[in-house]
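Engineer: Return a 3D structure for these sequence lines:
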Amino acid sequence: MLLELRNRLVLFEKLSHPFGRRGVLRLAARHPRVYLALTLSLGLCGYLFLLLFPALVVSMPFVLFHAIEPLMSAQDWFVVTVEVLLLALGAVMSYVIFNMRFAQPSGLELKQQDFPRLFELLAELSQEYGNPRIDRVVLRDRFDVRVLKKPANGFAFSTTQTLVIGLPVLITMSPLDVHVLLARRVGQLAGQHSRLNSWLYFLRDMWAQYLADCGTRGRRGLRPVCGFFRWYVPLYRAVSVPLARNSELDADRYALQAMNDHDTARAITCQELTDAYLTRTFWPGVIQTAKQSVKPEALPHAQMARLFAAGLPEEQLQATLKRIESRGRNPRTARPGLVERLDCIGHRKPLLPKALSVTAARFYLGGACDACIELVDRRAQRKLRTKVIRECGAEAR
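Structural biologist: Predicted structure coming up:
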């Protein structure tokens, strides 16, 4: 599904080059108010489409009441027939959309009684940022910390808000660094300084759930909804990239409410370094080993925990840092670069991570740490095995 979305984003950029990613970036930089109005209008289009069908249900009876007369021509009857069909379409589609249900973000759900340290931190951060609502906390196998809003039904006026914490984040970073990353997301969710930007930012993932839902369902009634969102989601995500970048920078600034700038700068540097290392070095190595081995694959997160417990070599950190700093601005990504993020909080030089005396996984997951790693590794193994089979099949062709 992610590959399909990426392909549609590329197609949109080619078809509308003046309003593609680079054009939108220029518009956001030169005319921020015009760009914000454009993004807001586009973000509302999803709601307008969904509300079109209830609007037909409400308006068509009044239209029919005034349209039907004692004496009518064939043309008048044709118009009435069309209006009746529109009323039926609105009723059927309103029912279908209202009954749409979306899967909760997958992962190992964490409960307050089992992980008191983590939930004490979340309660502290929630109080700091005005008590934004977090309904669930789940642990996943990606290097990410984010909040996902799941619509209660197809009309998306009520949502369940899930904080997704990547196990690799907890394994590779210190408790203080993870404190910063959680503060970023809780502050961004609250959006005290820019509620509109925060709302538009979270719409990116919420509308994408409609597209993902279309890929898993075969009901005919959803075809009009799926047809719209297959066009709309790539468009909105492409246009909202500058806004998403600004929201990520806002999140870094929100972290300063709970942490000092020195610890925030170190956490940001550690996040960028670790993400780059895992993406370019660790996971390709795991996949290559899995291709060459006839034995069952090693548990990747357990291997990751051992690697980072010993600490990455200094030369590895420096090489990764140079690669990050030399990397040009990618118009496709919604996350700003390291230099831009540090500059946003008043730092010019990155602060390299220190050796981990205790990982965030050990600190926040406590005695359940090893069990959590084992459970997440089982899922990671299945995904890894599928990826290896797919890649080997592609190479064979």
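Engineer: And the helices in the stretch 251-397 of the chain?
Structural biologist: All helices of the stretch 251-397 of the chain, identified by DSSP state H, counting those that start in this stretch, fall at 261-277, 283-292, 300-310, 314-326, 338-344, 360-365, 369-396.
Engineer: Tell me which of these sits nearest to Leu40.
Structural biologist: The closest approach between Leu40 and any of these, judged by C-beta to C-beta, belongs to helix 338-344 at 23.1 Å. C-beta: built from backbone N, CA, C; applies to glycine.
Engineer: Mind giving me the packing neighbours of that closest one?
Structural biologist: Contacts of helix 338-344 with other secondary structure elements, assessed using 3 or more C-beta pairs under 8 Å, 6 or more residues apart in numbering; DSSP states H and E, are made with helix 241-258, helix 261-277, helix 314-326.
Engineer: what's the helix or strand for the residue positioned nearest the centre of the chain?
Structural biologist: Most central in the chain under C-alpha atoms, centre = their mean is Asp205, positioned 4.8 Å from the mean C-alpha point. Applying DSSP states H and E as the criterion places Asp205 in helix 195-216.
Engineer: doesn't Val137 make contact with Thr160?
Structural biologist: No. Between Thr160 and Val137 there is no contact, the gap being 11.9 Å when judged by C-beta atoms under 8 Å.
Engineer: The two - which one has more neighbours?
Structural biologist: Applying other C-beta atoms under 10 Å to Thr160 and Val137 shows that Val137 carries more neighbours, namely 19 against 16.
Engineer: tell me which element that one falls in.
Structural biologist: With elements taken from DSSP H and E, the one containing Val137 is strand 136-140.
Engineer: Mean confidence (pLDDT) on that strand, please.
Structural biologist: Mean pLDDT, strand 136-140: 95.
Engineer: could we number from 40 for the rest of this?
Structural biologist: Got it, first residue is 40 now, which makes that one strand 175-179.
Engineer: Which neighbouring elements make contact with that strand?
Structural biologist: For strand 175-179, the contact count by 3+ C-beta pairs under 8 Å, 6+ apart identifies strand 147-148, helix 155-167, strand 198-205, helix 206-211, helix 408-435 as packing neighbours.
Engineer: Mind giving me the packing neighbours of the longest one?
Structural biologist: Yep, that's helix 408-435 we're talking about. Using 3+ C-beta pairs under 8 Å, 6+ apart as the contact test, the elements touching helix 408-435 are strand 147-148, strand 175-179, helix 206-211, helix 322-331, helix 339-349, helix 399-404.
Engineer: next one: the strand holding Val176 to chain centre, how far?
Structural biologist: Offset of strand 175-179 from its chain centre (C-alpha atoms, centre = their mean, to the nearest Å): 14 Å.
Engineer: Residues in contact with that strand: which ones?
Structural biologist: 143-149, 157-158, 161, 199-206, 209, 411, 415 (C-beta atoms under 8 Å, 6 or more residues apart in numbering).
Engineer: tell me the contacts of the spatially closest residue to Tyr249 that is not a sequence neighbour?
Structural biologist: Taking C-beta to C-beta, 6 or more residues apart in numbering, and ignoring the residues beside it in sequence, Tyr249 has Phe268 as its nearest neighbour in space, at 4.3 Å. Residues near Phe268 by C-beta under 8 Å, 6+ apart: Gly85, Trp246, Tyr249, Leu250, Cys253.
Engineer: part of a helix, is Met111?
Structural biologist: No. Read with DSSP: H, G, I helix; E, B strand; the rest coil, Met111 is coil and lies in no helix.
Engineer: Compute the distance between it and Val119, please.
Structural biologist: Using C-beta to C-beta, to the nearest Å, one obtains 7 Å as the distance from Met111 to Val119.
Engineer: re earlier: quick check: of the contacts of Phe268, which has the highest neighbour count?
Structural biologist: Tyr249 (24 neighbours).
Engineer: Correct me if wrong: it contacts Val272.
Structural biologist: Yes. Tyr249 sits in contact with Val272 when judged by C-beta under 8 Å, with a separation of 6.9 Å.
Engineer: if we can go back for a sec, deepest in the core, which of the helices and strands packed on helix 408-435 is it.
Structural biologist: When you average the neighbours per residue for each of these (mean count of other C-beta atoms under 10 Å), helix 206-211 leads with a mean of 27.
Engineer: That one packs against which elements?
Structural biologist: On a contact count with 3+ C-beta pairs under 8 Å, 6+ apart, helix 206-211 meets strand 175-179, helix 214-229, helix 300-316, helix 339-349, helix 399-404, helix 408-435.
Engineer: among the ones you listed, which is nearest Ala106?
Structural biologist: When the helices and strands packed on helix 206-211 are ranked by distance to Ala106, counting by C-beta to C-beta, first place goes to helix 214-229 at 47.9 Å.
Engineer: neighbours around Cys84, how many?
Structural biologist: 15.
Engineer: wait, isn't it in contact with Phe267?
Structural biologist: No. At 9.1 Å, Cys84 does not count as touching Phe267 under the criterion of C-beta under 8 Å.
Engineer: Any stretches of the stretch 290-436 of the chain with poor pLDDT?
Structural biologist: Along the stretch 290-436 of the chain, the model assigns pLDDT under 70 to residues 333-337, 367-368, 370, 427, 430-436.
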